[in-house]
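J.: what follows is a predicted structure for the sequence shown.
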Amino acid sequence: MLATRTIHRRDFIKAAAGAAAFSFVPAHVLGAHGQTSPSEKLNIAGIGLGGMGYGDLQNFAGENIVALCDADQNYAAAAFKEHPDAKVYTDYREMLDKQKDLEAVFIATPDHTHAAIAAAAMRAGKHVYCQKPLTHDVYEARTLARLARETKVCTQMGIQHHSGEGIRLVREWIEAGVIGAVREVVAWSTLTYYPAGHVWWSPACLRRPTDTPAAPAGLNWDVWIGPAPMRPYHPAYHPKTWRAWWDFGSGMMGDRGVHTLDSVVWSLKLGLPESVEATSFDRNPDTHPLAAVVTFQFAAREKLPPVKVTWYEGLRPPRPTELEDGRTLGDAEGGLLFYGSKGTIMSDYTASRPRLIPESKMKEFGASRPPKTLPRVPGGHYQEWVRACKGDRKTGASFDYGSYLTEICQLGNIAKRVDGRIMWDAANMRVTNNEAANQYVKTPYREGWSL
């Protein structure tokens with residue numbers, strides 16, 4: 001669903017012009033949930049501010065930052081310092097209950113708490129921007145999409161490149177038939193979460209630690225754990241390293257895969273996969289594998305043929321024969337290859353810089369490029385959501401789309417956990433050929449937490 005507000009900017013302008021007897025229209029008159037006038041700043045709160053959330057905060061700094069919330073007050077200290085007038089909270093539930101002027105929130109907590117926080121915020125009538133992946137499992141993704149439709153708040157998932165130029169060029173080229181019918185896509189991330197030190201968020205160990213150091217002052221460990229199974233605090237989990245652990249993060253599939261597969265799903269208008277097959281390397285029950293190859297099979301759509309999408313993480317795929325010797329495959333961190341019946345598109349992992357290969361074809365392409373048929377996003381991804389909250393336009397990565405893309409990636413994670421092939425019954429939200437795999441479709445919440 002591309003959610004928008006009930007009152008649009010054009011309606012506001014007309015109403016203001018026709019109401020000459022009034023010099024000011026109170027914000028509460030203009031819509032449900034205490035929404036502001038399109039001419040006013042949005043009252044925003046940030047939840048999760050030490051990592052990606054700190055960057056998100058900079059992108060929303062032009063609005064009214066009225067509240068900041070983080071379970072780790074030390075990790076979020078820089079954000080608190082930059083916004084001394086914002087009310088500070090440790091628990092988002094207290095913030096939603098007490099912060100009466102709040103209109104919208106952005107969420108950048110670990111993956112396992114995204115759904116619980118976003119659901120509570122939407123039920124409270126707040127617009128929501130949530131970092132990717134939208135949720136930690138498939139059931140949560142379906143639930144957030146439903147809640148967004150029911151509450152009619154404005155939503156956006158944090159896949160910033162979805163609002164960029166490159167992804168639009170890829171879709172326009174494919175729709176114009178530049179490379180013919182696409183039946184195969186290869187996508188990859190060369191990064192992995194370990195061995196320790198290999199990338200910046202690698203875990204300190206590959207199994208659950210047995211020692212139990214005290215949690216640092218300022219960290220509410222119970223709130224940080226949220227709906228996940230309780231375990232003692234350890235720096236192997238927080239900060240940053242949570243991404244590698246099944247209980248808290250979605251691994252490289254949920255981190256980079258959501259970015260990279262975005263252009264594939266959107267450009268090729270893919271449905272949910274019929275099957276997903278994975279081979280994982282260095283598996284263990286606690287952390288995501290060292291590397292994996294995941295193959296998705298998508299059915300035909302209208303006049304579009306079936307598509308096989310292969311995802312490599314921690315690995316590079318075979319080089320295409322048409323790529324010149326000495327030329328980098330994708331970029332240093334990953335890439336994309338769209339194989340069409342008439343040619344091939346190669347890009348970096350976010351599809352920001354698509355090129356036809358070999359380069360001689362790109363040069364021939366030159367002046368014969370198809371027209372730009374898709375609307376562009378002025379101001380980028382963050383401002384698109386802000387404008388939507390104020391009633392100006394819809395969002396391109398609403399929770400309807402974000403949940404869909406997240407479900408595909410979490411199905412990849414399920415296949416990785418069983419290290420085999422799963423057949424997906426999307427209508428009934430079940431794996432049909434491996435009953436054990438269904439335990440990962442909807443993971444149980446810790447007592448006292450609910451969605």
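T.: Right, received. Where do you want to start?
J.: if you count neighbours, what's buried in the one helix or strand residue 187 maps to?
T.: Assigned by DSSP states H and E, residue 187 falls within strand 182-189. For strand 182-189, burial by neighbour count (16 or more other C-beta atoms under 10 Å) applies to 182-183, 185-189. Where you see a C-beta, it was placed from the backbone N, CA and C, and this is true even at glycine.
J.: adjacent strands (with direction) for it?
T.: Applying DSSP bridges to the sheet, strand 182-189 is found paired with strand 307-313 (parallel), strand 334-340 (antiparallel).
J.: how far off centre is stretch 273-290?
T.: 20 Å (C-alpha atoms, centre = their mean, to the nearest Å).
J.: meant to ask about stretch 215-230
T.: For stretch 215-230, the distance to the chain centre is 23 Å (C-alpha atoms, centre = their mean).
J.: identify all contacting residues around that stretch.
T.: 71-75, 90-91, 110, 112-113, 116, 231, 233, 238, 247-248, 445-446, 449-451 (C-beta atoms under 8 Å, 6 or more residues apart in numbering).
J.: any regions of the chain where pLDDT drops low?
T.: Applying pLDDT under 70 to the chain flags residues 1-39, 194-206, 393.
J.: the helices in it, which residues?
T.: 9-18, 52-59, 77-82, 92-98, 111-123, 138-151, 165-175, 221-225, 251-268, 359-365, 380-389, 399-418 (DSSP state H).
J.: of all the ones you listed, which one is nearest residue 297?
T.: Shortest distance between residue 297 and the helices of the chain, using C-beta to C-beta, is found for helix 399-418: 11.2 Å.
J.: okay, the closest one in PDB with CA atoms only?
T.: C-alpha atoms of helix 399-418 as PDB (Å, rounded to 0.1, in the frame of the first residue of the first chain):
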ATOM      1  CA  PHE A 399       5.300  -1.100   4.300                       C
ATOM      2  CA  ASP A 400       3.300  -2.900   1.600                       C
ATOM      3  CA  TYR A 401       6.300  -3.000  -0.600                       C
ATOM      4  CA  GLY A 402       8.800  -3.200   2.300                       C
ATOM      5  CA  SER A 403       7.100  -6.200   3.800                       C
ATOM      6  CA  TYR A 404       7.000  -7.900   0.500                       C
ATOM      7  CA  LEU A 405      10.700  -7.400  -0.200                       C
ATOM      8  CA  THR A 406      11.500  -8.400   3.400                       C
ATOM      9  CA  GLU A 407       9.500 -11.600   3.200                       C
ATOM     10  CA  ILE A 408      11.500 -12.700   0.100                       C
ATOM     11  CA  CYS A 409      14.800 -12.100   2.000                       C
ATOM     12  CA  GLN A 410      13.600 -13.900   5.100                       C
ATOM     13  CA  LEU A 411      12.500 -16.900   3.000                       C
ATOM     14  CA  GLY A 412      16.100 -16.900   1.900                       C
ATOM     15  CA  ASN A 413      17.200 -17.000   5.500                       C
ATOM     16  CA  ILE A 414      14.800 -19.900   6.200                       C
ATOM     17  CA  ALA A 415      16.400 -21.900   3.400                       C
ATOM     18  CA  LYS A 416      19.800 -21.100   4.800                       C
ATOM     19  CA  ARG A 417      18.800 -22.400   8.300                       C
ATOM     20  CA  VAL A 418      17.600 -25.700   6.900                       C
END
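J.: if we can go back for a sec, ok now the strand holding residue 187, how far from the chain's centre?
T.: With C-alpha atoms, centre = their mean, you get 19 Å for strand 182-189.
J.: got the domain boundaries for this protein?
T.: Per the record, the chain has its domains at 9-162+382-402, 165-192+251-368+407-431, by automatic domain parsing.
J.: export the ones you listed to TSV and tack on distance to residue 227?
T.: Output for those, formatted as TSV (distance: least, C-beta to C-beta, whole Å):
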stretch	distance to residue 227
domain 9-162+382-402	5
domain 165-192+251-368+407-431	16
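J.: single out the most deeply packed of those domains.
T.: The highest mean neighbour count among the domains of the chain, using mean count of other C-beta atoms under 10 Å, belongs to domain 9-162+382-402: a mean of 21.
J.: on that earlier part again, looking at the helices of the chain, spot the one closest to residue 322.
T.: helix 359-365 (8.2 Å).
J.: quick one: list the elements packing against the closest one.
T.: For helix 359-365, the packing partners by 3 or more C-beta pairs under 8 Å, 6 or more residues apart in numbering; DSSP states H and E come out as strand 355-357.
J.: name the residues that touch the strand it packs on?
T.: 178-179, 320, 322-324, 343-347, 362, 365.
J.: need the max-distance pair from these.
T.: 178 and 324 (19.5 Å).
J.: which residue is the nearest non-sequential neighbour of the residue nearest the centre of the chain?
T.: The centroid of the chain falls nearest to residue 132 when counting by C-alpha atoms, centre = their mean (2.2 Å). Closest residue in space to residue 132, ignoring its immediate chain neighbours: residue 258 at 4.4 Å, by C-beta to C-beta, 6 or more residues apart in numbering.
J.: got a list of what that neighbour touches?
T.: Residues 132-133, 159, 405-406, 409 are the ones in contact with residue 258 under the rule C-beta under 8 Å, 6+ apart.
J.: dump the residue contacts of residue 49.
T.: Contacts for residue 49 (C-beta under 8 Å, 6+ apart) come out as 57, 68-70, 75-76, 79-80, 108.
J.: please redo it, this time with the cut-off set to 7 Å
T.: Applying C-beta atoms under 7 Å, 6 or more residues apart in numbering to residue 49 gives the contacts 57, 68, 70, 76, 79.
J.: could I get those as a markdown table with distance to residue 151?
T.: Shown next, in a markdown table, are the contacts of residue 49 (distance: C-beta to C-beta, whole Å):
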| residue | distance to residue 151 |
| --- | --- |
| 57 | 24 |
| 68 | 23 |
| 70 | 25 |
| 76 | 27 |
| 79 | 27 |
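J.: farthest-separated two in those?
T.: Greatest spacing in the contacts of residue 49, by C-beta to C-beta: 57 and 70 (10.9 Å).
J.: before we move on, the earlier item: how about the helices of the chain in JSON lines, adding distance to residue 275?
T.: Formatted as JSON lines, the helices of the chain follow (distance: least, C-beta to C-beta, whole Å):
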{"stretch": "helix 9-18", "distance to residue 275": "45"}
{"stretch": "helix 52-59", "distance to residue 275": "32"}
{"stretch": "helix 77-82", "distance to residue 275": "43"}
{"stretch": "helix 92-98", "distance to residue 275": "37"}
{"stretch": "helix 111-123", "distance to residue 275": "24"}
{"stretch": "helix 138-151", "distance to residue 275": "15"}
{"stretch": "helix 165-175", "distance to residue 275": "23"}
{"stretch": "helix 221-225", "distance to residue 275": "34"}
{"stretch": "helix 251-268", "distance to residue 275": "16"}
{"stretch": "helix 359-365", "distance to residue 275": "33"}
{"stretch": "helix 380-389", "distance to residue 275": "32"}
{"stretch": "helix 399-418", "distance to residue 275": "9"}
